[in-house]
Structures are given as structure tokens and as C-alpha cells.
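1. Provide a 3D model corresponding to the input given below.
(one chain, ligands or ions: 1)
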Amino acid sequence: MSDLNPILSGSAQSIAAYQEAIEQSTQAVVQWLKQPEMYQGKTVAELRERINLEFTSQGLGNQAAIERAVEYFLKDSLSVHHPQCVAHLHCPSLVISQAAEVLINATNQSMDSWDQSPSATIIEMKLIEWLRAQVGYPAGDAGVFTSGGTQSNLMGLMLARDAFFARQGHSVQQHGLTGNLSKIKVLCSENAHFSVQKNMALMGLGYQSVTLVKTDAFSRMDVNDLAQKLAEAKANGEQVMAIVATAGTTDAGAIDPLADIAALAAEQQIWVHVDAAWGGALLLSEKYRHFLNGLELADSVTLDFHKQFFQTISCGAFLLKDARHYQLMRYQAAYLNSDFDEEQGVPNLVSKSLQTTRRFDALKLWMGLEALGKKQYAEIIDNGVTLAQQVAQFVAEQPQLELVMQPQLASVLFRFRPEKGDTARVALLNQRIGDALLASGSANVGVTEADGVTCLKLTLLNPTVCLEDVKVLLASVVACGQQLQNA
Ligand SMILES: Cc1ncc(COP(=O)(O)O)c(C=O)c1O
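-> Below you'll find the predicted structure:
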């Protein structure tokens, strides 16, 4: 068995196999990074046809398995780092994040209990303390790393729901949901992330529990409409368990007026959760930190480091202002966080997380902050915001393009304008431009909607991209639009 042992361990045979497999994979990545194309342009049907799974009884061995992964996965992967890959909040990653992944993966610590991740538990707790200080929260370590924004939003909504019921003397954790559930509401803007709806459905309250607040011309929550929706809810006998504000909406990058929202919520003791999955990056900004003023007033916050913090997927965090609310999801498992251990002061993170087994993703942020320093980190974050402003100005000067909205974070919403055609034709043409560019393999541009009408989106996270790169991309959008409109 020992010669064939496939497990990573301290044996000479295992270490040699590990080094060979990692070296082979690293070399393949280096070749892939050198590929000039953003994407090889294969269609869904072509990839379905090409990719087959070869699970033989003897096994192929590490080398052949890696070769097949290179052939069928790597070659047809999207080059997220390519300057023309700007469709989504999907960042190129820091080199140091890659190094952190090597350490995370090889050590395979699990964050649910201290005896499975001793140093990692302490590092994560210290990082949470640091993140709280950046937000302006009181000192403490209430918070946890998560798989990303969706899970962090779920934690915020779940604790808001359970705190709401607890105020009425009812424990959801013990007894489940009760009462007239159709009267329980969450308010968020029309542009909030869809995970609010999905999470409310998951929590047993359904999409019907989400009341959408109107937005202003910059996609930010309209506080007058919020005040009106709160008054209407009261008049209808509804109870608002939470307001979700967004700091950085997915498309426009809009930041809701956080302080005004918190003030309205405070009047009625309503929980405020801020989804800062994207805009939370400005915590590190030198130029734009003030956009987040009021974040410290929220009861809970979502942060996402696999967006404009340039960490590999996945890496997010949830912060809870008042640690006492963690009691609402408390569960004691004898094998992980026993009374005995807790009385001895043994830390555990399972009681702060929805996950049990959990990766040590915090290491990536910690190493990123140490390697880059706050100044360089701020520069690469600010770069995208400043670039978006320059691109918007350029777009506004192009006769064949229409700027949909002034940028607020690092995205630009715009349309190709055909010489003639109604809204439906403009929408279809822009959709087809996005599809054609991806099919050609040359660019990935976002296709989304603004005020219900299809438009294009550039998400300019990549700090190595400059205005000239974006001009090249916009020239291909125009060329493609002209070709399609004449076809
Ligand atoms: C504003 C906002 N919140 C939450 C999410 C969900 O984050 P994740 O994909 O990390 O679950 C996104 C994703 O783009 C987002 O833009």
C-alpha cells in the first residue's frame, strides 16, 4: 500500500508525489496564463461534446489526471485576469492569495473547532477584530468568515428575524416560526441583491415578505419612499423585521444613504443589515472611504473579499455589531464546543457560523494585507473607481454609445445606440453584442438591465487595466454593434 498511497503525508513518497503534482499543475498554469486569448470561444454544445469523465477502475494516476484537467478544464477556462474580461464582480486574484491557497489546502485545517485549527482560529478571530475596527464597530470578535455575500446576507437576515421574534418572547430556534407570517416584512431597495429574496424564501417567509423600496436616479434607496413604505406597513398591520441597505449594488455600484436609513430604522427599533459585499472594499480606500459613512450604525454587515479585495473564491465575512445576538443561533455539540471547553476558555468558531466544516479563507486576507500593506491595497481598490469615472466620460463623448448612469464604484453602465430602432431593438442588439463578443473569445462584457431596459456593463475591478485597454474594448463593442445592425 505504501508505494501507492495517494494521501498527503510526511512520508518521502508522499512528499515527492505532492511536489511533482504541484509542479506539473503550476507549470500548466504558467502556460495558461501566457495564452493571449480571453476565452477559446467554445459553445455550450461543443464543451458538452468534448468533455467526458474517465473514471476507470485502475485509476489514471496523478500525472494523467492533471494532464486531462489541463486539456479539458484549463484550456477552455475564462481568463479572469484578461483586460477585456469585465462582465462581473469576478476579480483577478492576488499572487499572495494563490500562495495562501497552497497553505490552506495543504494543511486542510477546519475552522469549526480549535482542536482542528489552533493557529488558524486565532488568526481568523484577530482578523475579525481588525475588520470590526475598520467598520467602526465596538471592540470584539463577533463575526466570522463565510463563503461569500449570499451566506453573509443569510446570517444577517436570520439573526434579524430571530431577534425580532425574541423581542416578542418567542424563540424561533426552539419552536420555529409562528403567527401570521404574511405580515412580516423586510425592506430593501429595488436594486438590492437577489439573495435577499432567496434567503427570505429559505427562511420560510417567502418572496412575498420582501417589500421593494424605490430608488433614485443613481439606483440608491430613496429614503422618502422608505419612510412611506414603513408608514404603509404600519397602517397595514405589518411588522418590519429588517431593512437591508446595500453599499455597492451589483450593477450600478450604488451606495444607499446608510446614515439616513439607520436613523429611520432606529425610530422603530428595526434591524439594519448592510450588504457591503462590493462597496466594503472602500474600507481600505484612501480616497473613497467616506462613501461608507454610516456603516458603523448597522446591526450587521456583509463583506466579500472575492470581489474588490482580489481574493480567490471563496472568501467573505459576516460582522455582527452586538455579540449577544449570537445567542440566537447557539448550539452546543459535545464533540465540538462542549460546556467544559467553553468554561476553560477554548475558542470555537462553529457557534458563530452556519457552516460546520469550513475552510481557512481568512488566511488569504491576512496574507494579502501583510504583503501589500494598506497603501498598495488602497491604490488597487481606488484604481477601479477612478478608472470607471474616466471611462464614463469617454463613453459620454462617443456618438454611438449612451452612458446610462454616472458610475459610483467601479462599474460603467452603457448601451450601443443603433442609428434607428425602438427600445426593444436596442435591448436585443445590446444582448447580441455581449453574446457575440464572448463567442468570439475576445471579451466578456456584462449584459444586464437598467430601469428594465437591457444595457451593457463594464466591471472595472482589474487594477492592471487602463483607459487605453477599455477604449480598445469599446471600439470592439461599436464595431460589433455596427456589424449586427447592418446584418
Ligand atoms: C451586492 C451583492 N451582494 C451579495 C452578492 C452575493 O455574493 P456571493 O456571490 O459572494 O454569494 C453579490 C454578488 O455579486 C452582490 O453583488
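2. can we go C-alpha only for contacts and neighbour counts from here?
-> OK.
3. Next to the ligand, which bits of the chain? Give me the list.
-> Within the chain, the positions lying close to the ligand (C-alpha under 6 Å from any ligand atom) are Leu89, Gly148, Gly149, Thr150, His193, Gly248, Thr249, Thr250, Asp275, Ala277, Trp278.
4. can you tell me the residue of the stretch 151-300 of the chain closest to the ligand?
-> The nearest approach of the stretch 151-300 of the chain to the ligand comes at Thr250, 3.8 Å away (C-alpha to the nearest ligand atom).
5. Return the residues in contact with that residue.
-> Leu89, Asn191, Ala192, His193, Trp278 (C-alpha atoms under 8 Å, 6 or more residues apart in numbering).
6. Can you read off the pLDDT for it?
-> The score at Thr250 is 98. That number is its pLDDT.
7. what does Asp451 give?
-> Note for Asp451: predicted pLDDT of 89.
8. Could you check how many residues crowd around the nearest residue in space to Ala276 that is not next to it in sequence?
-> Using C-alpha to C-alpha, 6 or more residues apart in numbering and skipping residues adjacent in sequence, the residue nearest Ala276 is Ala247, 4.5 Å away. Per other C-alpha atoms under 10 Å, the neighbour tally for Ala247 reads 30.
9. what does Phe164 give?
-> Other residues lying near Phe164 total 22 when counted by other C-alpha under 10 Å.
10. And Gly279, by the same measure?
-> There are 28 residues near Gly279, going by other C-alpha under 10 Å.
11. which residues in the stretch 1-150 of the chain form helices?
-> 12-34, 44-50, 62-69, 95-107, 118-135, 149-167 (DSSP state H, counting those that start in this stretch).
12. ok so, going back, mind listing which of the residues of the chain next to the ligand are in strands?
-> Among these, the members falling in strands are Asp275 (criterion: DSSP state E).
13. out of the residues of the chain next to the ligand, which one sits closest to Phe291?
-> Distance to Phe291, by C-alpha to C-alpha, is smallest for Gly248 among these, at 9.9 Å.
14. quick one on the thing from earlier: of the contacts of Thr250, grab the buried ones for PyMOL.
-> Buried residues within these, by 16 or more other C-alpha atoms under 10 Å, are selected in PyMOL with:
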select buried, resi 89+191+192+193+278
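15. and Lys229, what element?
-> helix 223-235 (DSSP states H and E).
16. if you skip the residues just before and after it, what's nearest to the residue in the stretch 351-487 of the chain that the ligand sits nearest to?
-> At 11.0 Å from the ligand, Thr459 is the closest residue in the stretch 351-487 of the chain, using C-alpha to the nearest ligand atom. Distances taken as C-alpha to C-alpha, 6+ apart place Ser411 nearest to Thr459, at 4.4 Å, with adjacent residues excluded.
17. what mean pLDDT does stretch 204-224 have?
-> On average, stretch 204-224 scores 98.
18. next SSE after the helix holding Lys229?
-> Using DSSP H and E, the helix or strand that follows helix 223-235 in sequence is strand 239-246.
19. Scan the chain for its longest helix.
-> Secondary structure of the chain per DSSP state H: the longest helix is helix 362-397.
20. For that one, name the packing helices and strands.
-> The contact analysis (3 or more C-alpha pairs under 8 Å, 6 or more residues apart in numbering; DSSP states H and E) places helix 362-397 against helix 95-107, helix 118-135, strand 401-405, strand 411-416, helix 467-486.
21. what does the third one contact?
-> When you say that, I think you mean strand 401-405. Here strand 401-405 makes contact (C-alpha under 8 Å, 6+ apart) with 218, 252, 392, 395-396, 412-417, 450, 455, 478.
22. before we move on, what about the second one?
-> Counting by C-alpha under 8 Å, 6+ apart, helix 118-135 makes contact with 109, 111, 113-114, 138-145, 283, 295-296, 319, 347-349, 360, 362-363, 366, all of which sit outside it.
23. and those, which of them are in strands?
-> Gly143, Val144, Phe145, Leu319.
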